[in-house]
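**Student:** kindly return the folded structure for what I paste below:
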Amino acid sequence: MRNMKIRTSVILITASILLLAGCQQDTTPTPVTSLFPGEALTPFATPTITPTATATQPVVATETLVPTMTSTPVTYISKSNDSLWSIAAKNGLTLDEIKAANPDVNPYLLGPGTVIFIPAANGQSVAPTQNLPVATPWPMTFSDPLCTPSRSGGTYCFAELLNPQPMMLDGLSAQFSLTDLATGEVLSRPALVPLNRLASGGTLPLFAYFPPPVAVSPQISLQLLTATSVNLTGTPTALQSALVTVDQSGTNISTNGLSVVVNTQAKFEGVEGVTGKIWIAAVAYDAAGKIVGIRRFVSPGAVNPGEWMPFTLNIYSIGEKIERVDLFGEVNP
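**Tutor:** Okay, here's the model as predicted:
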């Protein structure tokens, strides 16, 4: 009986030794697989990682193309049965977005022939139409851009463009920028140009609206993007050089000076038999000479040379009282 107990103890001790030896045979840790098969995991750098050489791809020189803004903003000419709501719906916009892009348009007085600016969705600027190498525009002169906060928290910006070149220019586009001096954040909007061309020595207003939020007292800048000689030769066609005459007697400023109704007529002198649409840009100024409102009208149909075209415009001041209204005109096919 004593011998049996001794043999049993020996067997138990031997089995324990073999079990411990089996546990110590493999010291290599089992690799951990990702919970997301196929996902590339980024290892953390530790002192135990051995750097490996990575082949570097040769650098190939490529031409850098800069997106250019569209030369003319996207616009829509209203018809007799249009409303701002219907125009917004057709373009996938809200009524507030279409009203913000057209602050001078009274939705209750919207008539046929009114030019409506169509912004991109969500208040963004219209995307560049294509990528082209940037061409240096003809030098132009700007007045100091002035911006006025709106009651909704946005900002209206105006400036005047002067053509000092000896030829007529077209393809005009520019960009307003507002820089928050506290944070360095920059907001940019394309300038809306009411007419297509600018004669030598002539002036043309520029306009932009920044929806809220906008920084208080930002730094204002204006950059000319494109300006080319008309027809690339500097020689205007008969329609482009046609002189537009506007009857100035039909301008009536309201008693409070914050609105004006332009109810008058215009005509152009040109080659007999060559018809065209008359474009009118009405610009309102305050007593200090600052622009406080802009509106554009396009004749719904072609007009013959010497034929008077009646039109009506309503302009509303975004700042001080309106002192005077200047009317600019051109003829387009």
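**Student:** my guess is residue 307 meets residue 269, correct?
**Tutor:** No - assessed by CB atoms under 8 Å, residue 307 is found out of contact with residue 269, at 10.7 Å. (Glycine included, C-beta is placed from N, CA and C.)
**Student:** now this protein, which segments are flagged as low pLDDT?
**Tutor:** Applying pLDDT under 70 to the chain picks out residues 1-73, 80-81, 108-109, 111, 121-135.
**Student:** where do the helices of it begin and end?
**Tutor:** Per DSSP state H, the chain carries helices over the ranges 2-23, 84-90, 95-101.
**Student:** now do the same contact list for the residue lying closest to residue 261 once chain neighbours are set aside.
**Tutor:** Counting by CB to CB, 6 or more residues apart in numbering, residue 261 lies nearest to residue 252, which is 5.0 Å off, once chain neighbours are set aside. Residue 252 sits next to 260-263 when contact means CB atoms under 8 Å, 6 or more residues apart in numbering.
**Student:** separation between residue 140 and residue 326?
**Tutor:** 19 Å (CB to CB, to the nearest Å).
**Student:** residues in contact with residue 206?
**Tutor:** So residue 206 contacts 158-161, 174, 176, 191-193, 222 (CB under 8 Å, 6+ apart).
**Student:** do residue 268 as well
**Tutor:** Applying CB under 8 Å, 6+ apart to residue 268 gives the contacts 242-245, 276, 278, 303, 305-306, 329, 331.
**Student:** same thing but at 10 Å, please
**Tutor:** 239, 242-246, 274-278, 303-307, 309, 329-331 (CB atoms under 10 Å, 6 or more residues apart in numbering).
**Student:** again, but for residue 139
**Tutor:** Counting by CB under 10 Å, 6+ apart, residue 139 has contacts 163-165, 224, 227.
**Student:** which among these count as buried?
**Tutor:** Buried residues within the contacts of residue 139, counting neighbours by 16 or more other CB atoms under 10 Å: 163, 165, 224, 227.
**Student:** these two touch, right, the first one and residue 142?
**Tutor:** Read it as residue 163. No - Residue 163 lies out of contact with residue 142 (CB atoms under 10 Å); the separation is 11.2 Å.
**Student:** which residues in the stretch 151-300 of the chain form strands?
**Tutor:** 155-162, 169-179, 186-190, 203-210, 219-229, 243-246, 251-253, 259-269, 277-285, 291-298 (DSSP state E, counting those that start in this stretch).
**Student:** among those strands, which comes closest to residue 115?
**Tutor:** strand 291-298 (4.6 Å; CB to CB).
**Student:** put the alpha carbons of that closest one into CSV.
**Tutor:** Extracted in CSV, the C-alpha atoms of strand 291-298 (Å, rounded to 0.1, in the frame of the first residue of the first chain):
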residue,chain,number,x,y,z
ILE,A,291,-24.1,103.7,-54.7
VAL,A,292,-27.1,102.6,-52.7
GLY,A,293,-29.1,100.6,-55.3
ILE,A,294,-28.8,98.9,-58.7
ARG,A,295,-31.5,97.5,-61.1
ARG,A,296,-31.4,96.2,-64.6
PHE,A,297,-34.0,95.9,-67.3
VAL,A,298,-33.8,94.1,-70.7
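**Student:** strand 259-269 and that strand, what's the angle between them?
**Tutor:** 50 degrees (axes from the mean of the first three to the mean of the last three CA atoms, to 10 degrees).
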